[in-house]
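1. what would the 3D arrangement of this be:
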Amino acid sequence: MKYPTIAINRALTILLIILAINSSTQAGEPATMAPAGSTTPARGTLFQWSSNVTGGPDLNEPLVTDRPDFTEASVTVGKGVAQIELGYTYIDSDGSDVHSLGEPLLRYGILEDWLELRLAIFPQTESGERGFSDLYFGFKIALTPQEGLLPEMALIPQTFVPTGSNAFSSNGWEPGINWIYAWQINGFISTAGSTQINRRFEDSGDDFLRLAQSWTIAFTLTEKVGAYTEWFALFPTGSGDNDNEHYFNGGLTYLINNNIQADIRAGWGLNEAAEDFFIGAGLSVRFQ
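-> Numbers count the residues shown, from 1 in each chain. Here you go, the predicted model:
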């Protein structure tokens, strides 16, 4: 893409921030509360395992973020609620340094508590080249709440749109889908996994499918401090240029207040095809 596309991406980033700030004037009730005079709880998920558990976002509780692990959260932000998740990542890959600064992900609840719009653009620097990644666009659908051994689940139809800078664009649409499943074991530990498949492109321009699998374990250390460990892997199919990649990472989160959370993370590639090392930090803010 030419430089006008970079300007458009910057304008989109500003627009996302404006939308999130405007949403802070909209007050939301927790999804698990019933409207006044009603005996039926508001539905926070598209489906329910039974009529006894409704699930969904609870705006009286701390925000739930997609950062900093690879596995996305299995809950949506709630109707009329905006959440911006920002970050920085440094990647060391065979001596090549990659910097991703900003990483703005906008999550905005639309229509119902169980549906959120997702937009992201990642500014990047690699080997002296600066620009923007392709625009990420998707929807998160909260499918079910957890009920005993039955998991809390969400589904994310998503795509990358070829709008990025020449050095960082795939020059093609990359649709995919991400299925997330999670369990809260007790007040100290929770676990979740994700399975996704996405279209990707080789340097030659040929496309292939890439399966991604992850599993994470999270710990509540104090009321404000959390930690996690995670394995994730990428499995290309139909690609002659890409091999399987396996990673291990972990990190900490710090809850500044119910609507603001900071995080740090670090990870390592577990095989030769994987990136060598990455480290990052971020900040997530919820506007109700």
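2. what distance do you get for the residue nearest to the spatial centre of the chain to Arg118?
-> Per CA atoms, centre = their mean, the C-alpha nearest to the average position across the chain is that of Asp66, at 4.0 Å. Using CB to CB, to the nearest Å, Asp66 is found at 9 Å from Arg118. For glycine as for every other residue, the C-beta is placed from the backbone atoms N, C-alpha and C.
3. overlap in contacts, the two.
-> Shared contacts of Asp66 and Arg118, defined by CB atoms under 8 Å, 6 or more residues apart in numbering, comprise Leu105, Arg107.
4. re earlier: for the residue nearest to the centre of the chain, list the residues it contacts.
-> Contacts of Asp66 were listed using CB under 8 Å, 6+ apart, and they are Glu72, Ala73, Glu85, Leu105, Arg107.
5. between those, which has the most around it?
-> Taking other CB atoms under 10 Å as the neighbour criterion, Arg107 ranks highest of the contacts of Asp66 with 28 neighbours.
6. I'd assumed Ala73 was in contact with that residue.
-> No. Using CB atoms under 8 Å, Arg107 is not in contact with Ala73, being 9.1 Å away.
7. how about stretch 112-127, which residues are buried there?
-> In terms of neighbour count (16 or more other CB atoms under 10 Å), stretch 112-127 has its buried residues at 112-126.
8. quick one: mean pLDDT over it.
-> Rounded to a whole number, the mean pLDDT of stretch 112-127 is 86.
9. host element of Ser204?
-> Here Ser204 is covered by no helix or strand, with elements defined by DSSP states H and E.
10. secondary structure class for the closest residue to it other than its chain neighbours?
-> Leaving aside its sequence neighbours, Ser204 sits nearest to Asp241 (CB to CB, 6 or more residues apart in numbering; 7.2 Å). The three-state label given to Asp241 by DSSP: H, G, I helix; E, B strand; the rest coil is coil.
11. so Asp241 makes contact with Phe201?
-> No. Applying CB under 8 Å as the test, Asp241 and Phe201 come out as separate, 10.2 Å apart.
12. neighbour count: those two, which is higher?
-> Neighbours were tallied for Asp241 and for Phe201 using other CB under 10 Å; the higher tally belongs to Phe201 (18 against 10).
13. ok, the nearest residue to the more buried one once chain neighbours are set aside - contacts?
-> Nearest residue to Phe201 in three dimensions, chain neighbours excluded: Ser170, at 4.4 Å (CB to CB, 6+ apart). Contact partners of Ser170, counting by CB under 8 Å, 6+ apart, are Asp134, Phe160, Pro162, Gly164, Arg200, Phe201.
14. pLDDT score for Ser170?
-> At Ser170, the model reports a pLDDT of 78.
15. in three-state terms, label it for me.
-> Assigned with three-state DSSP, Ser170 falls in the coil class.
16. other SSEs contacting the helix or strand hosting Leu155?
-> Leu155 is located in strand 152-161, with elements delineated by DSSP H and E. Judged by 3 or more CB pairs under 8 Å, 6 or more residues apart in numbering; DSSP states H and E, the packing partners of strand 152-161 are strand 135-144, strand 174-184.
17. of the buried residues of stretch 112-127, which is the nearest to Ser50?
-> Distances from Ser50 to the buried residues of stretch 112-127, taken as CB to CB, are shortest for Trp114 (16.5 Å).
18. ok, and the closest non-adjacent residue to the closest one?
-> Sequence neighbours aside, Ala142 is the residue nearest to Trp114 in space, at 4.0 Å (criterion: CB to CB, 6+ apart).
19. can you count the residues close to the one you found?
-> That count, for Ala142 with other CB under 10 Å as the rule, works out to 30.
20. any idea how far it lies from Ser51?
-> Here the criterion is CB to CB. By it, Ala142 lies 17 Å from Ser51.
21. one step back: and the strand holding Leu155, what's buried?
-> Using 16+ other CB under 10 Å as the test for burial, strand 152-161 gives Glu152, Met153, Ala154, Leu155, Ile156, Gln158, Thr159, Phe160, Val161.
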